[in-house]
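Asker: how does the following fold in three dimensions:
(chains A and B)
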2 protein chains.
Amino acid sequence: MDVIVGGGVVGLSLAWRLAREGRPVTLVDPAPASGASHAAAGMLAPVSEVTYTEVPLLRLGVASLRRWPGFAAELAADAGLPGAEALDLRSEGTLDVAFGADDLAALDELAAYLEKLELPVQRLTGRECRRLEPMLAPSVRGGLLAAGDSWVDPRRVTAALLAALDRRGVRLVRARVAELLRDGGQVTGGQVTGGQVTGGQVTGVRLEPPGDDDGRAELRADRVILAAGAWSAGLAEVPVRPVKGQIMRLRSPQPLLTRCVRGTVHGTPVYLVPRGDGELVVGATQEEMGFDTRVTAGGLYELLRDARELVPGITELEVSDVVAGLRPGTPDNLPLIGPSGTPGLALATGHHRGGVLLAPLTADILLGEEGELAAMCSPGRFRDIS
Amino acid sequence: MDVIVGGGVVGLSLAWRLAREGRPVTLVDPAPASGASHAAAGMLAPVSEVTYTEVPLLRLGVASLRRWPGFAAELAADAGLPGAEALDLRSEGTLDVAFGADDLAALDELAAYLEKLELPVQRLTGRECRRLEPMLAPSVRGGLLAAGDSWVDPRRVTAALLAALDRRGVRLVRARVAELLRDGGQVTGGQVTGGQVTGGQVTGVRLEPPGDDDGRAELRADRVILAAGAWSAGLAEVPVRPVKGQIMRLRSPQPLLTRCVRGTVHGTPVYLVPRGDGELVVGATQEEMGFDTRVTAGGLYELLRDARELVPGITELEVSDVVAGLRPGTPDNLPLIGPSGTPGLALATGHHRGGVLLAPLTADILLGEEGELAAMCSPGRFRDIS
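Answerer: Residues are numbered from 1 along each chain as shown, chains lettered A, B, ... in the order given. This next block holds a predicted model:
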């Protein structure tokens, strides 16, 4: 029996894929699909998100993006949905736009770099950008179209995953995990202790009161998979920290954009993700604030200011949702997927901004996929995980 | 029996004051205290709100402000509250600040004008402003302190009014009024008809289904008092239109300001109203948009941008509430208080931005106060009201 701790998009995907393979699994989360996955915009955009130092992350992203159409089709079928379009999976690409000469030069460099990696992008003039997206600001002077980039609605994905789990009879325990149960080692509490916890096989989890539906305080497991995002560090010694993101959802009668649009305004990246129903997601701040999920005046101000620079027409749209989530950041920006150094404990955390994109790949690795991609995500690259 | 249509701060105040006088009254509102009164900041600031063309409104405001301490003390007692401080009634004054030379010249002119009206204000340098309010922006170059201006928390006021009505046994019918009942005249529907409705004594109201708690569709009245704010024009021919205001509430552990602070940024007036519990109200847009209560990206952006100019430190505060309300505007910006031309119909509407400030005066006039103030508010100044 696997016990998965954490019901975000990663933990839910994992539970679903394990259940599809006929493997016994229980998922534990006090409020599934309410954390970073609820805040996320759902960009599946490894190419336009690339930076020069992050080729490994780019490779993971490209590999996982290729698996998304199949993942979405299977999920939709399992959830009883008509098809992957019910998840708003779209692939019209991302348009990365530039305003000034410096931005344009940076786009040229990025285009050359991506071509070297054999990732197809297309350099566009300002006029060509506005032909594709007429609502773009007149001040946009050029752009880069990553035609393969996609996006999906994470709220629909987690809802579909919960439906699929329900249809497969997977046990969902709505409780908070107090600590991991360990045999022969020191017990970790609900806080990062700072020191290293040595040895000790993980044998299950202890729940906070009142326990599960039957009042039981402990769940035994052959393997515990820690998929608790930013909260993972409270249960084991893993190098994960919360990176706060504030994000806003606007609503218009008609979609304002056809593609994802992103750009750098006042030195800050901002993106707009359009949904078929007229929702437009504007994201996202990146703040090192600890476990702080307050929506702030400064956060909203920056999102609105920067988004207006890209698409002035958002001014008239209704604000339908503002929320802050905590991404699980790691020291090298790569996720932690696979067995930890501690017997009985595996990890599926540290996905930072890529949880939705990397969910299919993460599940494949924990179902046994080996090779270079799995090796890149191996928790073994860090010492002292236990 | 009076029937009051509308449970905002004006209608509730009126019902309470009538009940205190022992007069039978019923109040009808599908959702009391949820409209413009719920959005309002609660500034009791006739002096700092003055403009050159609005001496009559200034006189009404000054007169009603003088009545507020007594009104609040009686209300608190009637609602079972310890005292007026439970309504967060405060009188530390309003500080109107200026940034540029033009703004400073305008403040000088305003100061001279107010002195002529024997309304005491004090001109301050930028340094003096920051000594009073250390969180003000360094770019503030001068200010005008209206020491007598006050403010109150409108949400506490309407909650206290509802409690006081309950304690006095006033009947509150939670239903929507479909139309006024008229004898011998044309019946108006739920829309402004454009034409004049002549004659016909108003004898009560007809409720939308399902009627009152006993399923009755009609309430008979000796007098119907229309206090439905921006919605008044749907029930009778009154020259009232909705003026949309978007407003935002921030929250800080400690109050950031001691006084109300206002200023003009990018040509738009903005104000910040501090509450004792750390809430800071930032308002408000003024938009002619009809019956539109959407919170928009542009509205929030302007509030945040302008408030940051006055007090940069708001950036760190949590956004606790964003809401849009509809103020009842009139052609001359003065309220409509008193008997209409139609027998059986009185008005208490058209208070625009002054409903909270003018509530005590409004009640006094409808309880029978005569004189110059009452004459200024008389609906008789407009033709064709019926």
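
Asker: hey, let's count contacts and neighbours off CA atoms from now on
Answerer: Noted.

Asker: what residues does the stretch 251-386 of chain A put near chain B?
Answerer: Within the stretch 251-386 of chain A, the positions adjacent to chain B are A:294-301, A:304-305, A:314-320 by CA under 8 Å from any CA of the partner chain.

Asker: and stretch A:122-140 with chain B, contact?
Answerer: No. Stretch A:122-140 lies out of reach of chain B by CA under 8 Å from any CA, never closer than 15.4 Å.

Asker: how about that stretch: buried residues?
Answerer: A:Arg123, A:Leu124, A:Thr125, A:Gly126, A:Arg127, A:Cys129, A:Arg130, A:Glu133, A:Met135, A:Leu136, A:Ala137, A:Val140 (16 or more other CA atoms under 10 Å in any protein chain shown).

Asker: what about the nearest residue to the second one once chain neighbours are set aside, which SS state?
Answerer: When you say that, I think you mean A:Leu124. The shortest distance from A:Leu124 to any residue other than its chain neighbours is 5.0 Å, reached at A:Gly143 (CA to CA, 6 or more residues apart in numbering or on different chains). Using DSSP: H, G, I helix; E, B strand; the rest coil, the structure places A:Gly143 in strand.

Asker: which ones are touching A:Gly143?
Answerer: A:Leu95, A:Asp96, A:Val97, A:Ala98, A:Leu104, A:Leu107, A:Arg123, A:Leu124, A:Thr125, A:Gly126, A:Cys129 (CA atoms under 8 Å, 6 or more residues apart in numbering or on different chains).

Asker: the fifth one: which element?
Answerer: What that stands for is A:Leu104. Applying DSSP states H and E as the criterion places A:Leu104 in helix A:101-116.

Asker: what helices or strands is that helix leaning on?
Answerer: strand A:122-125, strand A:142-146 (3 or more CA pairs under 8 Å, 6 or more residues apart in numbering or on different chains; DSSP states H and E).

Asker: quick one, helices of the stretch 251-386 of chain A?
Answerer: Secondary structure of the stretch 251-386 of chain A (DSSP state H, counting those that start in this stretch): helices at A:297-310, A:355-366, A:372-377.

Asker: need the helices and strands packed on helix A:101-116 in TSV (columns: mean pLDDT).
Answerer: Converted to TSV, those look like this (pLDDT from 0 to 100):
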stretch	mean pLDDT
strand A:122-125	95
strand A:142-146	95
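
Asker: got JSON lines for the ones you listed, with distance to B:Phe382 too?
Answerer: Listed next are these as JSON lines, based on distance: least, CA to CA, whole Å:
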{"stretch": "strand A:122-125", "distance to B:Phe382": "59"}
{"stretch": "strand A:142-146", "distance to B:Phe382": "58"}
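
Asker: mind checking how far stretch A:98-115 is from the chain centre?
Answerer: Distance, stretch centre to chain centre, for stretch A:98-115: 26 Å (CA atoms, centre = their mean, to the nearest Å).

Asker: what mean pLDDT does it have?
Answerer: The pLDDT scores in stretch A:98-115 average 89.

Asker: that stretch: which residues count as buried?
Answerer: Residues A:Ala98, A:Phe99, A:Asp103, A:Leu104, A:Leu107, A:Asp108, A:Leu110, A:Ala111, A:Leu114 are the ones in stretch A:98-115 that count as buried (16+ other CA under 10 Å).

Asker: of those residues, which is the nearest to A:Val273?
Answerer: Nearest to A:Val273 among those: A:Ala98, at 17.3 Å, using CA to CA.

Asker: contacts only, for the closest one.
Answerer: Taking CA under 8 Å, 6+ apart as the test, what A:Ala98 contacts is A:Leu104, A:Leu107, A:Val140, A:Arg141, A:Gly142, A:Gly143, A:Gly263, A:Thr264.

Asker: identify the bridge partners of it.
Answerer: A:Gly142 (DSSP bridges).

Asker: where's A:Thr264 relative to A:Glu302, distance?
Answerer: From A:Thr264 over to A:Glu302 the distance is 12 Å, taken as CA to CA, to the nearest Å.

Asker: swap that for A:Arg156, please
Answerer: If you go by CA to CA, the gap between A:Arg156 and A:Glu302 works out to 27 Å.

Asker: and those two? Which one has more around it.
Answerer: Applying other CA atoms under 10 Å in any protein chain shown to A:Arg156 and A:Glu302 shows that A:Glu302 carries more neighbours, namely 23 against 15.

Asker: next one: stretch A:132-151 to chain centre, how far?
Answerer: Taking mean C-alpha positions (CA atoms, centre = their mean), stretch A:132-151 and its chain are 23 Å apart.
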